[in-house]
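Asker: Dropping the sequence and predicted coords here.
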Amino acid sequence: MGAYKRSILRGRLVSALGLSVLIALTLAGCGQPPRSTLTTLSAASGNVTLMKAGTNDWIAAEVGMALEVGDTIKSSNNSTAEITFFDGSTIDLEAGTEITIISLDISTTTGSTTITLEQIIGTTVSRVVKLLDPASRYEVETPSGVATVRGSIMQVHVTEDGTTWITNLEGDIWAVAQGVELQVPKGQQCIIRPGQPPQLIMVAAGSHHTVGLKADGTVVAVGLDDEEQCSVGNWTGITQVAAGRYHTVGLKNDGTVVAVGWDSDGQCDVGGWTGIVQVAAGELHTVGLRANGSVVAMGDNDFSQCDVDDWTDIVQVAAGGLHTVGLKSDGTVVAVGVSGGESDYGQCDVGNWTGIIQVAAGHYHTVGLSSDGSVVAVGLDSSGQCNVGGWTSIIQLATGFAHTVGLKTGGIVVAVGDDDYDQCDVGSWDLK
């Protein structure tokens with residue numbers, strides 16, 4: 001994908017390597033997109049302002065206003081906004097965000113649609129409808145690189161220096177910069193610094209150990225290593241990691257799975273798995289998500305934690321000590337495993353959760369990440385592992401036996417809960 005140039009409205013130039021987030025979904029049987037380019041400001045809270053194309057004046061934005069090519073929308077601190085495009089796609093602007101509409105087009109010959117935005121700074125969440133024509137696309141430009149997204153929900157965060165963080169909330173995403181194309185798996189995120197290729201960022205928490213996935217596909221681990229659960233130094237080509245009580249699992253870039261550590265109940269017997277897009281590790285079981293939304297599991301099933309064969313429409317899985325959690329495409333959550341008895345601390349009480357974009361499961365607790373970067377938790381809180389109510393700007397979660405780890409925008413890692421084996425000693429980590 002070549003670099004491209006354009007003139008920025010208001011006399012400013014965007015780099016030829018400006019980030020272009022492209023979403024192109026093709027589904028047979030979808031209806032023809034409406035032949036209208038009407039785009040509106042569908043929601044606003046607080047101080048949201050608008051600069052109309054060809055002007056230099058900011059005016060108060062009002063819900064229902066029609067938006068056109070060249071318009072710039074800005075949300076101030078403690079303000080949010082939503083734009084609904086002519087094809088039904090939406091983009092949410094969180095506080096301190098500024099975007100400009102670059103193009104709103106429908107081809108008169110093919111019906112393909114193009115929506116192009118420039119995100120100058122801040123955080124957005126895009127929900128893109130499934131498109132009929134493979135030429136249809138949804139683009140968000142930032143100063144740092146080129147990303148191609150073939151999915152439906154993503155978060156884009158742009159810092160003052162143009163560094164861009166892209167989080168895959170649902171769908172298949174490829175980030176491209178400096179001639180390098182990188183796939184971003186579901187529930188993960190990458191960073192694109194100006195002038196550099198995209199890099200994956202991820203952390204995982206086991207019962208008494210913590211694992212980090214580095215940008216080059218190698219893995220680091222700290223904590224208890226009595227079952228060699230930290231013996232990941234020779235792993236390469238890894239795109240995702242998961243950590244159980246005494247075992248660690250890695251998803252390779254070819255869809256196969258590797259595992260090290262304790263294998264008492266077959267939780268490491270994943271060598272034959274193929275076509276996996278996400279893995280999760282519990283106390284004594286391992287879970288894999290297939291691309292079609294179905295789920296497989298291996299290991300201990302004494303509490304029915306592996307009874308996931310009938311799950312469908314799952315976009316992310318998490319494995320706790322004695323339970324398994326699944327995030328559905330509509331933002332709701334399902335869970336199987338311990339129910340009743342002395343091991344039931346309410347860790348499966350997630351039936352009323354909505355608007356969730358990621359889930360994580362500890363031994364006796366479950367954590368959910370909302371699209372606004374806040375966190376909810378249920379279950380045992382004996383070591384403060386559920387004390388996440390004040391967390392903000394979180395983009396990825398991980399849970400261990402009795403601790404919870406959060407990756408913040410900017411690569412900083414935070415953790416709460418049990419620290420007996422230094423598993424919460426991540427304050428110096430900078431995964432940028």
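Answerer: Yep, it's here.
Asker: Low-confidence stretches in this protein?
Answerer: Along the chain, segments meeting pLDDT under 70 span 1-36, 130-133, 145-151, 186-187, 215, 410, 431-432.
Asker: One more pass at 50, please.
Answerer: Filtered on pLDDT under 50, the chain yields the residue ranges 1-35.
Asker: domain parsing for it?
Answerer: Domain segmentation of the chain under automatic domain parsing yields 16-197, 201-417.
Asker: Can you give the distance of the longest one from its chain's centre?
Answerer: Domain 201-417 has its C-alpha centroid displaced from the chain centroid by 14 Å (CA atoms, centre = their mean, to the nearest Å).
Asker: what's the first-to-last distance across it?
Answerer: 22 Å (CA to CA, to the nearest Å).
Asker: about what we covered before: make JSON lines from the domains of the chain and add mean neighbour count to it.
Answerer: For every residue, glycine as well, the C-beta is placed using N, CA and C. Shown next, in JSON lines, are the domains of the chain (neighbours: other CB atoms under 10 Å):
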{"stretch": "domain 16-197", "mean neighbour count": "19"}
{"stretch": "domain 201-417", "mean neighbour count": "21"}
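Asker: Any chance of CSV for those, columns distance to Ser428?
Answerer: Below are those laid out as CSV (distance: least, CB to CB, whole Å):
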stretch, distance to Ser428
domain 16-197, 18
domain 201-417, 9
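Asker: Which one, of those domains, ends up nearest to Asp430?
Answerer: Proximity to Asp430 (CB to CB) singles out domain 201-417 among the domains of the chain, at 5.4 Å.
Asker: and the nearest residue to Gln240 once chain neighbours are set aside, what does it touch?
Answerer: Leaving out its chain neighbours, the residue that sits closest to Gln240 by CB to CB, 6 or more residues apart in numbering is Leu251, at 4.1 Å. Neighbouring residues of Leu251 by CB atoms under 8 Å, 6 or more residues apart in numbering: 185, 238-242, 257, 276-279.
Asker: One more pass at 10 Å, please.
Answerer: 185, 188, 213, 237-242, 257-258, 270, 273, 276-279, 288-289 (CB atoms under 10 Å, 6 or more residues apart in numbering).
Asker: do the same with Phe401
Answerer: Residues in contact with Phe401, defined by CB under 10 Å, 6+ apart, are 205-209, 244-245, 283, 320-321, 362-365, 383, 385, 417-418, 420-421, 423.
Asker: and what of Val63?
Answerer: Val63 makes contacts with 40-45, 48, 81-82, as judged by CB under 10 Å, 6+ apart.
Asker: And the residues you listed, which two are furthest apart?
Answerer: Pairwise over these, using CB to CB, the maximum falls at Thr40 and Ser45, 15.7 Å.
Asker: Tell me where this structure has helices.
Answerer: With DSSP state H as the definition, the chain shows no helices.
Asker: gap between the residue nearest to Val426 when sequence neighbours are not counted and Ser343?
Answerer: Using CB to CB, 6+ apart and skipping the chain neighbours, the partner closest in space to Val426 is Val413 (4.3 Å). As judged by CB to CB, to the nearest Å, Val413 and Ser343 stand 29 Å apart.
Asker: can you check Ser136 too?
Answerer: Separation of Ser136 from Ser343 (CB to CB) stands at 49 Å.
Asker: Narrow the contacts of Val63 to those in strands?
Answerer: Of these, the ones assigned to strands by DSSP state E are 40-45, 48, 81-82.
Asker: Tell me the one of those residues nearest Val158?
Answerer: Within those, the smallest distance to Val158 is 15.9 Å, found for Ala81 (CB to CB).
Asker: That closest one: what's it in contact with?
Answerer: 41-46, 48-50, 61, 63, 73-75, 91-95, 97, 99, 124.
Asker: rerun that using 8 Å as the cut-off
Answerer: Counting by CB under 8 Å, 6+ apart, Ala81 touches 41, 43-45, 48, 61, 73, 75, 92-93, 97.
Asker: Span of stretch 400-415 from start to end?
Answerer: 10 Å.
Asker: is it true that Ala318 touches Ala360?
Answerer: Yes. Shown here, Ala318 and Ala360 form a contact pair, counting by CB atoms under 8 Å, at 5.1 Å.
Asker: Which residues are in contact with each of those two?
Answerer: 325, 366, 399.
Asker: Relative to Leu327, how far out is the second one?
Answerer: Translated: Thr366. 11 Å.
Asker: Quickly list what's touching both of those two.
Answerer: Joint contacts of Thr366 and Leu327 (CB under 8 Å, 6+ apart) are 318, 359.
Asker: And the strands in the stretch 251-400 of the chain?
Answerer: 257-261, 276-281, 285-290, 295-299, 314-319, 323-328, 333-337, 356-361, 365-370, 375-379, 394-399 (DSSP state E, counting those that start in this stretch).
Asker: CA-only coordinates of stretch 53-73, as PDB, when you get a sec.
Answerer: Output of stretch 53-73 as PDB, limited to C-alpha atoms (Å, rounded to 0.1, in the frame of the first residue of the first chain):
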ATOM      1  CA  ALA A  53     -15.600  23.800   5.900                       C
ATOM      2  CA  GLY A  54     -14.000  26.900   4.500                       C
ATOM      3  CA  THR A  55     -14.200  28.800   7.800                       C
ATOM      4  CA  ASN A  56     -11.900  29.400  10.700                       C
ATOM      5  CA  ASP A  57     -14.600  29.900  13.400                       C
ATOM      6  CA  TRP A  58     -15.600  27.400  16.000                       C
ATOM      7  CA  ILE A  59     -19.400  27.300  16.700                       C
ATOM      8  CA  ALA A  60     -21.400  25.300  19.200                       C
ATOM      9  CA  ALA A  61     -22.400  21.900  17.700                       C
ATOM     10  CA  GLU A  62     -26.000  20.800  18.000                       C
ATOM     11  CA  VAL A  63     -27.400  17.300  17.900                       C
ATOM     12  CA  GLY A  64     -29.100  16.700  14.500                       C
ATOM     13  CA  MET A  65     -26.800  19.100  12.600                       C
ATOM     14  CA  ALA A  66     -25.800  17.900   9.100                       C
ATOM     15  CA  LEU A  67     -22.100  17.400   8.600                       C
ATOM     16  CA  GLU A  68     -20.300  17.800   5.300                       C
ATOM     17  CA  VAL A  69     -16.800  17.200   3.800                       C
ATOM     18  CA  GLY A  70     -14.400  19.700   5.400                       C
ATOM     19  CA  ASP A  71     -16.200  20.000   8.700                       C
ATOM     20  CA  THR A  72     -14.100  19.600  11.800                       C
ATOM     21  CA  ILE A  73     -15.600  18.400  15.100                       C
END
